[in-house]
Structure formats: structure tokens, C-alpha cells
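1. 3D model of this:
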Amino acid sequence: MQNKIMLGLAVQPPAGTRPGTTLYPPLAVKLSSEHSLFDELSDQWAVVTLVRSSGEVLHNKLSGRLTDSAHPLPTYGTDSSVIRRRDRAYFYFPDLKIDEPGRYKIRVSLMKMEYSKSAPPEGQARVCEEVDSRSILVEEMQPSHMSPRKCLGIMGIGISLLTTLGSPERAFLRVLAEDGQHVQPLERWSPSVSV
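-> Predicted coordinates:
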């Protein structure tokens, strides 16, 4: 019986941003399985690509760390409910930037090295699964890294930022920070904003 591995987005990128601005919240992806993945993680990694709303894959329009190896999810955390028993590993992309205005999605491809008699001796990379982020509007008029208090009256973006980073997403980012990943302060997007 083959171990079914599922790729899913743990933290979505923002719904809107400016060109060349680091995406916050940062994209985080999780690998889930009913069985342990530890022995398989060394052969797996994720690659992100920018995709136009038409489906066209764009090269050289997304910058930052575009690949990440699989990190086993820690068994500890500030909120154990964020990590289900079947969530096993994660990929983290903390510094992605989209350079040109437009409407895009970020595609995450789970890659795996396979070794067989028909493959070259060094192995062959195969795409196992793909998942797309929500749509991201990149335009000059978007606010960049403002507090929700400042965002609240600007084109309705403040409300979408507050609802974009839900409680499970904040908890997942806390787990990544505890695992040693650089995560910008979460307080900046705290939903406790008075209007």
C-alpha cells in the first residue's frame, strides 16, 4: 500500500501587494500523510513559480527563495491544534517578491528524486503534486507593510489583510518561528484592531 502524501497551503500569501515588496504573510506549505514521512523527506523539495491568471507560467518575475527542502514539523508548538496528527513536514518561503504589476498566483510544485534502472545514475526529478495560492493583485496603489489600523480605510485592503491571516495561519507561523525560521513579528497583523 502506497503512502499518500498531500501538499497543502498552511499560510496563504497576501491578497494584494506592491511590486518588489516582500510578501507578508509569507507562503508556508505543509506535507500531510497518514504515515511517517521522515525517511522520504531527503528526496523531496518544493519549487515555487509565478503563474498569470490566464495560466501562463512566468519566469524571472518572482524573486526570493524559490526552492526549499522539506523540514520535519516539530512535535511541539504554542498551539498544538494547528498541527494535525497527519501534518508531517513543511516548506517555507519567507522572502518572495513579485516584480511587476498584475494578477497572479504562486504555484508550489512538490518535487521528488526517483532512482530507477531507466533513470540516469544520479536520479531524475519528478513533479509529484502541485497547488496554487489564492489570487494576488500586485499594483502600485497597494499599501506596503502597514499596520491593520492604517490599512483599514484604504481600498478595503485592511479588512482583507485581517481576514487573510487567520488564527490557524498565525499559529502555524509561530510553530515555524519556534522551529528556527525567521518570521516577522506576528503582532503587526494582530486581529485585535479597534475601528
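
2. buried stuff in stretch 92-100?
-> For stretch 92-100, burial by neighbour count (16 or more other Cβ atoms under 10 Å) applies to 92-94, 96-98. Any C-beta I mention is one placed from the backbone N, CA and C, and that applies to glycine too.

3. one more: stretch 14-26?
-> Using 16+ other Cβ under 10 Å as the test for burial, stretch 14-26 gives 14-19, 21-26.

4. wait, which of those is closest to Arg52?
-> Nearest to Arg52 among those, counting by Cβ to Cβ, is Pro19 at 14.7 Å.

5. filter the buried residues of stretch 14-26 down to the ones in strands?
-> If you go by DSSP state E, those have 16-17 in strands.

6. separation between Thr67 and Val51?
-> 16 Å (Cβ to Cβ, to the nearest Å).

7. neighbour count winner among those two?
-> Comparing Thr67 with Val51 by other Cβ atoms under 10 Å, the one with more neighbours is Val51, at 19 against 12.

8. what helix or strand is the more buried one on?
-> strand 44-52 (DSSP states H and E).

9. now tell me what touches that strand from outside.
-> For strand 44-52, contacts defined as Cβ atoms under 8 Å, 6 or more residues apart in numbering pick out 7, 27, 29, 31, 57-59, 61-62, 66-70, 89, 91, 93, 96, 98, 102-113, 128, 132.

10. for Phe172, helix, strand, or coil?
-> With DSSP: H, G, I helix; E, B strand; the rest coil as the basis, Phe172 sits in helix.
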